[in-house]
Every structure is written in structure tokens, then in C-alpha cells.
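Enquirer: I need the structure of the sequence given here:
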Amino acid sequence: MTRPRPSPLRSERSLPALDALPRPLFARVESLSAGTFSAVHRHAWGQLSYAIEGVLDIRTPAGNYVALPQCAVWIPAGLEHQVINLGQVEMRSFYLDPVLFPLGGDRCRVLHVSLLVRELIKAASALPPDYPLDGPEARLVWVLADQLEALPEASFSLELPRDPRLQAIYVVLLESPGDRRTLARWAEQAAASERNLARLFRRETGMPFRVWRQRLRLMLSLGGLEAGHSVTRVALDYGYDSPSAYIAAFRTLFGCTPGELERR
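Expert: Next comes the predicted model:
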């Protein structure tokens, strides 16, 4: 019998030992292997976490926040948090001086990243820690600050499970979002009852497994669209029987069709 592959948290990320930021923006570029995590921590500056590839799970006392394709997570200064990735991730993080980046609020927010901001993130990621404060590097940072303030907050969310059996399902779906196994089949492979897994999914994610899986598929499918794949290919890759079924589900969650999103 094939069991879902577990992905234990096995590699702790080191965090910079900073008493103060050397510049208003301090960039971190990381390639993280599956199962990487940071210790629970907080700092005196805001943080923007963006996944070029893969999915980031930011955990706070108030709940989980997911950075998916075309989205970033804003973590306000002073908020206790932990960053986890169960799959491979290309991560871009900025530590941001609250004076130049007054995004405000005392809670995490998931932000839609525009094409312009994505390119600004890529460019700013290459800045040295001590970039000049009176040159083009500083002007790039100012433009990024203006654009971040204008980013809309995502109207959708996805709670990620914490139970190891549910995490194993999540890891498989990250790699194979079109996997069609029923919860009964997952329960059999996990040596658990279907009722128990169903109860766990509702308790830890706030929704039934089928609804949670559909939302995960749709949110992950943004990466396929961003890569330029056709709607038909994305629909089939992410577990839908037809493009029309995918478009209908996409419109329900995001409020627009994939084509309308691309034009925006």
C-alpha cells in the first residue's frame, strides 16, 4: 500500500542577527528545501515575504497566511511569526523600515502582487545591504514603497493544516494538484478513519476537504497561468474535467475569469 509521503520540518533557517536595519530595505534571497522552517520570532521592522516559486506558510498567533503565486504576505513590525515551507521554495524577503514603508496595521495581510511590483521585487532583491542612499538604488526602493502601499488585499485565504496526516496530503497536492483521491482513500492510506480525517479538516482549515482542495488547486493554478500556460492545460493539470468547469470555479473564488485576470 502506498502511503502519502510525510514532509517533516527538518531544517531550521538561520535568521540575520540585526540590531538595526543598515538601510530602509534589507533584502534576503533564499532557495529553501522542503521542510525548512524558522524559529518563532519577531523584529522591530515590517517584513514582506514573496515566493517566486512554491508556497510559503506564515504562522502567527492570529492564524496562518499563505504566500502563493502572485501574492505576498505583509508581516507588521513586532508581530510574533514563523515561516514554514513544506515544498521547495524560492523566497524573497524584505525587512522594511516602518518610516519609509508605513503599510500600517497590526495584522498580517495577503497582498495581490502586480506585474510591476513583481519586477521591482526582483530588482530590489539584488541590492547590497549597504546600497547608496543618494543614487538609483534608493530611487528604486522609493518606487517600491509607493507601489506596495497601493497593492490590494487578497479577498481569499486558505488555512493550512497542522496535523501530520493532513500535512502529508497537502504535500502530495502541492506536487500533484490534479490528484483525485477521495478522502476515504486518503484515510485508508493514512491508517485512519474517513470520519476522523473529515473532522480534522474542518477543525484545522474551517472547511470540508473537498472545498479546501478545490481552493488549494485554484490558488496554485495562478502559478500555471503566470507561466503562460493555456487555460485548457491549467484546467487539466489542476484536476478539472474541462476548461469551463475550471473557469466557473475560478470566477467563484477570484471574482473574474482567468482571461480577465490576465488583462488586469
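Enquirer: If you tally nearby residues, what's the number for residue 213?
Expert: 22 (other Cβ atoms under 10 Å). In short, each C-beta sits where N, CA and C put it, glycine included.
Enquirer: just residue 82 next, same as before
Expert: Around residue 82 there are 15 residues (other Cβ under 10 Å).
Enquirer: ok, it touching residue 36?
Expert: No. The pair residue 82 / residue 36 is not scored as a contact, 11.4 Å apart, by Cβ atoms under 8 Å.
Enquirer: Contacts only, for residue 257.
Expert: When contacts are counted by Cβ atoms under 8 Å, 6 or more residues apart in numbering, residue 257 is found next to 247, 250, 251.
Enquirer: now the last one: how far from residue 57?
Expert: Taken as Cβ to Cβ, to the nearest Å, the spacing of residue 251 relative to residue 57 amounts to 26 Å.
Enquirer: More neighbours: which of these two?
Expert: Shown here are residue 251 and residue 57; by other Cβ under 10 Å, residue 57 has more neighbours (22 against 14).
Enquirer: contacts for the helix or strand of the chain with the lowest mean pLDDT?
Expert: Within the chain, no helix or strand scores below strand 63-67, which has a mean of 77 by mean pLDDT, DSSP states H and E. By Cβ under 8 Å, 6+ apart, the residues outside strand 63-67 that reach it are 49-51, 55-59, 73, 108-110, 157-160, 219.
Enquirer: Out of the contacts of residue 257, which comes closest to residue 205?
Expert: The closest of the contacts of residue 257 to residue 205 turns out to be residue 250 (Cβ to Cβ; 20.0 Å).
Enquirer: Could you report the neighbour count for that closest one?
Expert: 27.
Enquirer: can I assume residue 101 is in contact with residue 147?
Expert: No. Using Cβ under 8 Å, residue 101 makes no contact with residue 147, being 10.8 Å away.
Enquirer: Skipping its backbone neighbours, what lies nearest residue 234 in space?
Expert: For residue 234, ignoring the flanking residues on the chain, the nearest one in space by Cβ to Cβ, 6 or more residues apart in numbering is residue 224 at 4.1 Å.
Enquirer: Over to residue 185. Which of the three states is it?
Expert: helix (DSSP: H, G, I helix; E, B strand; the rest coil).
Enquirer: and the gap between it and residue 179?
Expert: 10 Å.
Enquirer: Tell me which of the two has more neighbours.
Expert: Taking other Cβ under 10 Å, residue 185 and residue 179 do not tie; residue 179 has more neighbours (15 against 12).
Enquirer: For the more buried one, what is the enclosing helix or strand?
Expert: Using DSSP states H and E, residue 179 sits in no helix or strand.
Enquirer: And for residue 84?
Expert: Applying DSSP H and E as the criterion places residue 84 in strand 82-85.
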